[in-house]
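A.B. asks: any chance you could fold what I've pasted below:
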Amino acid sequence: MGRLAGKVALITGGASGMGLIAAQLFASEGAKVVLTDVTDDVGEQVAEKIRAEGGEATYVHADVTREADAEAMVARAVESYGGLTVLYNNAGVMLGEDGSVHSTDESIWDTTLAVNVKGVAHGCKYGIPAMIDSGGGSIINVASFVAWMGAATSQTAYTASKGAVLAMTREIAVEYARKGVRCNALCPGPIDTPLLAELLSDPERRQRRFVHIPMGRLGRAEELAKAALFLASDESSYMTGTSLVVDGGITAAYVTPED
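C.D. replies: Residues are numbered from 1 along each chain as shown. The predicted model follows:
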């Protein structure tokens, strides 16, 4: 019996990066997984691989900025597996053109807020009623350590979007606590994913990040997925409206070691 046995988990952005690792881990721990993304060929391959390894998984195309897609992905989970008990709002973007508030183009704001904020809200809008019908469940919203402190390298739209996720998480937690729905924010530090590798391809920008991490390295996707697993499982049953910060010590540091 795995730690998520009997649970139905919907993971957005599940075809790559942290979502992919979480989908595989959740399935290995007994969850029936519905993973969504916009890269359909890759998403189908991920679901097939999980099934080949003995897990249960279904892929659904979903652009989380579209409310109709969010409604459809939740409906698919209920139709396929009889309910919904875990919602992992993982899909997000961090755009390379995102910079200081005086220089960031409106289009970057629009895309960032649409995916990172509205995408989470859409998932919750349709996921929460399904969870209540299923007897309750756990929502995990991916925020960031930058929701707690300013980023070393300016990324104003992204930082603002993750602050919004944190605030929304608290409000959802309070409103639905007595209906059996928990809602927590997962706040990662820099995680070694293809997206971040591309953004940190500039050695100077990369070094500015690393000097602020007391542990001196990027996090691994597996480390974040295990934190999400804890929030998804009944082991975190008395946690709601809070943040689980997985950041290598960044938010604890006033000054960082030089070596």
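
A.B. asks: just give me the neighbour total for the residue nearest to Val78 when sequence neighbours are not counted.
C.D. replies: In space, and not counting its chain neighbours, Val78 is closest to Ala130: 5.5 Å by CB to CB, 6 or more residues apart in numbering. In short, each C-beta sits where N, CA and C put it, glycine included. By other CB atoms under 10 Å, the residues close to Ala130 number 19.

A.B. asks: contact partners for Ala130?
C.D. replies: 74, 77-78, 83-84 (CB atoms under 8 Å, 6 or more residues apart in numbering).

A.B. asks: run the last query once more with 7 Å
C.D. replies: 74, 78, 83-84 (CB atoms under 7 Å, 6 or more residues apart in numbering).

A.B. asks: so it is in which element?
C.D. replies: Using DSSP states H and E, Ala130 sits within helix 119-133.

A.B. asks: could you point out which element follows that helix?
C.D. replies: Next element after helix 119-133 (DSSP H and E): strand 137-142.

A.B. asks: for the nearest residue to His212 once chain neighbours are set aside, helix, strand, or coil?
C.D. replies: The shortest distance from His212 to any non-neighbouring residue, by CB to CB, 6+ apart, is to Ala152 (5.1 Å). Of the three states, Ala152 takes coil according to DSSP: H, G, I helix; E, B strand; the rest coil.

A.B. asks: measure stretch 53-62 end to end?
C.D. replies: 24 Å (CA to CA, to the nearest Å).

A.B. asks: can you check stretch 12-31 too?
C.D. replies: 15 Å.

A.B. asks: now stretch 144-156
C.D. replies: 13 Å.
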